[in-house]
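J.: Build the 3D model from these lines:
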Amino acid sequence: MKKVRHYIHLSVKSINILVMLFMFLILLIQVLTRKFFNYPLSWPEELSLITMIWITFFGAYQCTIEGNHLKMDFLESKIPEKIKPYLLIISKGFVIWFLFITCYWGWTFIQKAGNIKMPVSGLPMGLPYSIIWISFLLMLCEFVIQILFHIKEISNPSSGKEEGEECSHS
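T.: Reported below is the predicted structural model:
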């Protein structure tokens, strides 16, 4: 499970870098054609929108697995160490509930509205919607894994975290 988790994280991170480079090139082409050739292209705007959605939501997954989301931890810092894993399980349980509901209804929405075409490129709207749905599904899986790590920590507190079991405390 650790290897699969690591592979998915590394893949998403690498693809996000490539998508960001692709977005830069798209916008560079748009600026060059508009300023130097006085010929603005219509498709780069929609494509850059899709890449921005990709970077945003898959970046949210990256933050989830790396524990880099902004958080308010004043309550977590005030409670005893023995209670922290229980609080984290409860808080992550709420996040899982939200992500599950979002994935469920998001899939239904994609089925209904995904065939609508974007006005300029003609790409289906299911593409950006699917990007959001996949990133939420990845975050859902990650939070389930984090809860399992917390349960393991509670059941065997002396072992601590094994190598590769980074677990965000958000």
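
J.: C-alpha only now, for contacts and for neighbours.
T.: OK.

J.: Would you point out the helix or strand in the protein whose mean pLDDT is lowest?
T.: When the helices and strands of the chain are scored by mean pLDDT, DSSP states H and E, helix 74-78 comes last with a mean of 78.

J.: Quick check: buried residues in it?
T.: residue 76 (16 or more other C-alpha atoms under 10 Å).

J.: Quick check: residue 57 is in a helix.
T.: Yes - Residue 57: assigned to a helix according to DSSP: H, G, I helix; E, B strand; the rest coil.

J.: For it, which residues are in contact?
T.: 131, 132, 135, 136 (C-alpha atoms under 8 Å, 6 or more residues apart in numbering).

J.: that older thread, from the chain's centroid, how far away is the least confident helix or strand of the chain?
T.: Computed by C-alpha atoms, centre = their mean, to the nearest Å, the chain-centroid distance of helix 74-78 equals 26 Å.

J.: tell me the mean pLDDT over whichever helix or strand comes after it?
T.: Using DSSP states H and E, the helix or strand that directly follows helix 74-78 along the chain is helix 84-113. Averaged over helix 84-113, pLDDT sits at 92.

J.: Many thanks, have a good one.
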